[in-house]
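Trainee: sequence and computational prediction follow.
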Amino acid sequence: MVNLIDRLPLTRALRTAWRTLRLPAAAFRDIRVIVEHGGTLHHYYLTARAQRLLQRAAQGVLGTVALFLFLSSAVQWQADRVLRANDVLYAELLSAAQAEGSMTAEELQALSSSDLAALLRERTGVLRGQVDAAADLLSVSNGGWLASLGELGIPMLPSAGGPSVGGASVGRPGDGRGGEDVTTAAPGSDGAGRITDEVARNRRLMATVRMLPQRLPLHHARLTSEFGLRRHPLTFSRNLHVGLDLVSDSSQVVHAVRPGRVIFAGRSGGYGNTVVLAHPGGIETRYAHLRRIQVARGDSVAEWDPVGIVGSTGLATGPHLHYEVRLLGRALDPSRILELRRQSP
């Protein structure tokens with residue numbers, strides 16, 4: 001095959017031209033060509049300098065042609081690449097539009113890429129408006145929950161960190177906010193970011209609310225004295241009644257309103273026989289005036305485990321249960337806590 005190609009005149013001419021183009025400048029010599037025409041000899045001279053100029057011109061032409069071919073190939077490759085990317089993008093846009101389902105596949109495929117993109121932009125704007133509206137509603141709801149907790153003096157659980165009391169993190173007591181991470185995103189901020197922040201805030205609020213007791217410690221309890229200022233029935237002094245006085249006609253067993261640990265079980269002055277339970281989040285519940293205590297200090301109790309029997313020990317005018325809820329030592333109104341729990345999902 002090589003020998004056959006070598007014998008072809010065109011191949012030999014191309015090879016000779018290629019070798020000529022690669023000759024060094026020192027290889028050229030002046031040439032005199034004698035041509036006979038009509039019986040007359042014609043002398044033509046081709047200097048070495050002219051040969052070098054012709055060589056450079058040929059090299060320039062070949063280089064230009066090669067560069068043109070290279071650039072044409074690069075442009076064609078880039079154009080094919082853009083077309084492929086556009087096809088993929090159009091397919092993705094078409095798939096996204098079909099998922100919404102308001103137009104048939106034939107109607108969507110009849111749209112151009114720009115029309116399809118405009119349609120999706122319009123739908124995205126509608127969706128963004130819906131997300132903003134949802135974020136606004138959730139922000140209002142979170143504000144209501146935060147205000148309710150603040151009125152009770154209960155801090156909201158922070159997203160991370162914060163002091164730990166009773167096995168759960170809490171914020172600063174008494175400020176109604178519970179840490180610094182309680183602000184909402186600005187109204188002009190990204191809707192997806194706002195809804196994410198509000199959802200996280202709502203989860204912390206609900207976690208805070210769910211730490212609170214959701215029932216009274218007696219079956220079918222009747223309230224005989226509320227939380228607040230009153231005149232003591234025995235001492236006749238006007239002071240703050242920091243709990244609820246409860247009686248029950250059907251059962252005298254006192255139950256734990258939340259899982260916890262017994263931190264006190266015994267006689268406590270005017271409270272008489274008293275049980276104090278510590279719960280996660282710094283919550284304490286107290287059960288006073290018991291006739292009999294059924295737990296000991298250090299015991300772990302589950303929700304609705306019995307802790308004692310209703311009695312009238314201490315400063316009491318008759319058998320009843322004095323029930324308190326405290327947060328980090330501060331007395332809370334159990335009735336308002338129950339109302340808050342009834343509103344929670």
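Mentor: That came through, no problem. Just so it is clear, the structure is predicted and the values come from calculations on it, not from any experiment.
Trainee: who are the packing partners of the helix or strand containing Trp77?
Mentor: Taking DSSP states H and E as the definition, Trp77 sits inside helix 48-100. Contact analysis of helix 48-100 by 3 or more CB pairs under 8 Å, 6 or more residues apart in numbering; DSSP states H and E lists helix 9-21, helix 105-109, helix 113-152 as its packing neighbours. The C-beta positions use only the backbone N, C-alpha and C, and glycine is treated the same way.
Trainee: report the angle between that helix and helix 9-21.
Mentor: 110 degrees (axes from the mean of the first three to the mean of the last three CA atoms, to 10 degrees).
Trainee: and the angle for helix 48-100 with helix 113-152?
Mentor: Going by the same axes, to 10 degrees, helix 48-100 is angled at 50 degrees with respect to helix 113-152.
Trainee: Val325 reaches Gly282, doesn't it?
Mentor: No - applying CB atoms under 8 Å as the test, Val325 and Gly282 come out as separate, 11.3 Å apart.
Trainee: and the two? Which one has more around it.
Mentor: Neighbours were counted for Val325 and for Gly282 using other CB atoms under 10 Å; Val325 has more, 27 against 23.
Trainee: wait, what's in contact with the more buried one?
Mentor: In this structure, Val325 makes contact with 212-213, 243, 283-285, 331-334, 337, judged by CB atoms under 8 Å, 6 or more residues apart in numbering.
Trainee: so Ile263 sits in a strand?
Mentor: Yes - when DSSP: H, G, I helix; E, B strand; the rest coil is applied, Ile263 is found to be in a strand.
Trainee: what about it, neighbour count?
Mentor: When neighbours are defined as other CB under 10 Å, Ile263 has 14 of them.
Trainee: was I right about it contacting Val275?
Mentor: No - contact between Ile263 and Val275 fails when scored by CB under 8 Å: they sit 9.2 Å apart.
Trainee: picking up where we left off before, Pro319: which of the contacts of Val325 is nearest?
Mentor: Checking the contacts of Val325 against Pro319 with CB to CB, the nearest one is Gly243 at 16.0 Å.
Trainee: OK, contacts around the closest one?
Mentor: Contact analysis of Gly243 by CB under 8 Å, 6+ apart lists 227, 286, 288, 322-325, 331, 334.
Trainee: sort out for me which of those are in strands.
Mentor: 286, 288, 322-325, 331 (DSSP state E).
Trainee: centre of the chain to the helix holding Trp77, how far?
Mentor: Put simply, helix 48-100 sits 44 Å off its chain's centre (CA atoms, centre = their mean, to the nearest Å).
Trainee: please apply the same query to stretch 333-345.
Mentor: So, by CA atoms, centre = their mean, the centroid of stretch 333-345 is 29 Å from its chain's centroid.
Trainee: just stretch 42-62 next, same as before
Mentor: Distance of stretch 42-62 from the chain centroid (CA atoms, centre = their mean) equals 74 Å.
Trainee: and that stretch, which residues are buried?
Mentor: By neighbour count, and taking 16 or more other CB atoms under 10 Å as the criterion, the buried residues in stretch 42-62 are 51-52, 55.
Trainee: what mean pLDDT does that stretch get?
Mentor: Model confidence over stretch 42-62 averages 81 on the pLDDT scale.
Trainee: can I get that stretch as CSV, trimmed to CA atoms?
Mentor: Coordinates of the C-alpha atoms in stretch 42-62 are reproduced here as CSV (Å, rounded to 0.1, in the frame of the first residue of the first chain):
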residue,chain,number,x,y,z
HIS,A,42,14.0,32.4,-22.7
HIS,A,43,15.9,32.8,-19.5
TYR,A,44,14.1,33.1,-16.2
TYR,A,45,15.7,33.8,-12.8
LEU,A,46,14.3,32.9,-9.4
THR,A,47,16.4,34.2,-6.6
ALA,A,48,16.8,32.5,-3.2
ARG,A,49,15.1,35.5,-1.6
ALA,A,50,12.1,35.2,-3.8
GLN,A,51,11.9,31.5,-3.0
ARG,A,52,11.9,32.2,0.7
LEU,A,53,9.1,34.8,0.2
LEU,A,54,7.1,32.3,-1.7
GLN,A,55,7.7,29.7,1.0
ARG,A,56,6.5,32.1,3.7
ALA,A,57,3.5,33.1,1.7
ALA,A,58,2.5,29.4,1.2
GLN,A,59,3.0,28.8,4.9
GLY,A,60,0.8,31.8,5.8
VAL,A,61,-1.9,30.6,3.4
LEU,A,62,-1.8,27.1,4.8
